[in-house]
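[1] quick one, fold the following:
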Amino acid sequence: MTNLAKQIVRSLYEIKAVQIKTDRSFVWTSGIHSPIYCDNRLTMSYPHVRQLITNGFQDVLADANIDVIAGCATAGIPHAAWLANARDLPMAYVRAKAKAHGKGNQIEGVIKPGDKVVVIEDLISTGGSVLETVQAIEAAGAKVVNVLAIFSYGLKKAKAAFESKHVPYQTLANFDQLVAHLIGEQKITESEGTELIEWRDQLG
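    Now for the predicted structure:
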């Protein structure tokens, strides 16, 4: 695990942006009983954590040739804004669906045909929602060169979805790294850690 990933998982756990209950008492909207709940919106309220995330995204991008930073509505928007500001780049955001009134925009801000775009998301689960964002951007004639997220569950179906669309993606931290951190900090036992990984793998 990289030093950055260690800092990210530690920070997310400390501010309760990720919470673990080994009895699987969290219930997702899909009805799945889960041992993890992730709310990365909480990072907005902790300047040191959001700066850590921005720095992490900058490190991943390094000298990449980018024209626009685009945030997924809604949780990706603030992180896209902080990253765009740090890199002195234009920023836009993409709604889940086009507005039903006004100009009917799905993309807010300016993304031009031919632009190279990096998409920012807070969490990748199956990858479905962020890939819809990618589709909207590419329908506008731009090219998504990377998708960056704070955290992922590491689902095989997400990897397959991105590969099928030929879209690269990276996350600053993931479920496996979180489990390793919690075992190392003696927050959970090794047996509980194994059960958590097995639960995740069963989701596909």
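
[2] how much space separates the closest residue to G204 other than its chain neighbours from T54?
    Closest residue to G204 apart from its sequence neighbours, by CB to CB, 6 or more residues apart in numbering: K157 at 4.9 Å. No exception for glycine: its C-beta is placed from N, CA and C like everyone else's. As for K157, its distance to T54 is 29 Å (criterion: CB to CB, to the nearest Å).

[3] who's more crowded, these two?
    T54 (18 against 14; other CB atoms under 10 Å).

[4] against P168, how distant is F57?
    F57 is 14 Å from P168, by CB to CB.

[5] please apply the same query to Y153.
    Taken as CB to CB, the span from Y153 to P168 is 18 Å.

[6] cool, G76 as well?
    Taking CB to CB, one finds G76 at 17 Å from P168.

[7] rewinding a little: who has more neighbours out of F57 and P168?
    F57 (24 against 11).

[8] residues in contact with the more buried one?
    H79, L83, I120, L148, L172 (CB atoms under 8 Å, 6 or more residues apart in numbering).

[9] and the residues you listed, which two are furthest apart?
    Using CB to CB, the pair of these lying farthest apart is L83 and L172, separated by 11.8 Å.

[10] contacting residues for the residue nearest to the spatial centre of the chain?
    Centroid-nearest residue in the chain, with CA atoms, centre = their mean: A149, separated by 2.6 Å. A149 sits next to G76, I120, E121, D122, L123, I124, V130, Y169, Q170, T171, L172 when contact means CB under 8 Å, 6+ apart.

[11] how about a markdown table for these, with pLDDT, distance to N65 and neighbour count added?
    Below are the contacts of A149 laid out as a markdown table (pLDDT from 0 to 100; distance: CB to CB, whole Å; neighbours: other CB atoms under 10 Å):
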| residue | pLDDT | distance to N65 | neighbour count |
| --- | --- | --- | --- |
| G76 | 97 | 21 | 28 |
| I120 | 98 | 17 | 29 |
| E121 | 98 | 21 | 25 |
| D122 | 97 | 25 | 24 |
| L123 | 97 | 27 | 21 |
| I124 | 96 | 24 | 27 |
| V130 | 96 | 21 | 28 |
| Y169 | 97 | 18 | 23 |
| Q170 | 97 | 16 | 14 |
| T171 | 97 | 21 | 23 |
| L172 | 97 | 21 | 24 |
